[in-house]
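Peer 1: sequence and predicted structure, then a few things I'm wondering about:
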Amino acid sequence: MPLSDPTAGRCSIARTITALGDRWSLLVLREAAMGTTRFSDFRQRLGIASDVLTDRLAGLVERGLLERTAYQEEGSRTRTEYRLTPAGHDFEVVLGALGVWGREHLATDEDSGVRYHDAAGRPVRVAFVDEDGRVLTGDEVTVSRG
């Protein structure tokens, strides 16, 4: 269930957490980014209860991160697939940042987490980049309001 935050209207981070702040929504988006499209596959890969998955998929569709697409295999009834929208694809950078942070600060011996690569298969990373294209370190970035 999404969190409630009285500052959500003013702060983009609070609005995002309010809309997507539960682990299942983030994990559904991770799976969708890796190509999972079908309800049964989401359920199997995540080990999530059907009613929770139904709720999270509906919320992600409502918020514009996933879209429903009908498909039909020969001899079967019409079913629904879930695919990332442009907004869902834009959210992949957030998932990438979460993954990098987790690998660096919550490391385990069994890390088989998601990795990101360019079209040639070379690893890519999430970074702050200034308007001239220079990658900045965390020490070079200041956070401010509004």
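Peer 2: Looks like it came in fine.
Peer 1: can you list the low-confidence ranges for the chain?
Peer 2: 1-8, 111-112 (pLDDT under 70).
Peer 1: what about the strands in it?
Peer 2: Assigned by DSSP state E, the strands in the chain fall at 66-71, 79-84, 128-129, 135-136.
Peer 1: so for residue 93, which of those sits nearest?
Peer 2: Residue 93 lies closest to strand 128-129 among those, at 11.4 Å (Cβ to Cβ). In this view, the C-beta of every residue, glycine as well, is placed from N, C-alpha and C.
Peer 1: quick one on the thing from earlier: export the strands of the chain as a markdown table, with columns for distance to residue 44.
Peer 2: Shown next, in a markdown table, are those (distance: least, Cβ to Cβ, whole Å):
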| stretch | distance to residue 44 |
| --- | --- |
| strand 66-71 | 18 |
| strand 79-84 | 14 |
| strand 128-129 | 37 |
| strand 135-136 | 38 |
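Peer 1: grab the nearest non-local neighbour of the residue nearest to the spatial centre of the chain.
Peer 2: When Cα atoms, centre = their mean is applied to the chain, the residue found nearest the centroid is residue 29 (3.8 Å). If the residues on either side of it in the chain are set aside, residue 29 comes closest to residue 91, at 5.9 Å by Cβ to Cβ, 6 or more residues apart in numbering.
Peer 1: ok, now which ones touch the one you found?
Peer 2: The contact partners of residue 91, taken as Cβ atoms under 8 Å, 6 or more residues apart in numbering, are 20, 29, 65, 84.
Peer 1: so what sits opposite the last one in the bridge?
Peer 2: With beta bridges defined as DSSP bridges, residue 84 has these partners: residue 66.
Peer 1: go through the strands of the chain and name the closest to residue 12.
Peer 2: Nearest to residue 12, of all the strands of the chain, is strand 128-129, at 15.9 Å by Cβ to Cβ.
Peer 1: contacts for the closest one, please.
Peer 2: With contacts defined as Cβ under 8 Å, 6+ apart, strand 128-129 is touched by 135-136, 138, 140-141.
Peer 1: that's all I had, so thanks and see you.
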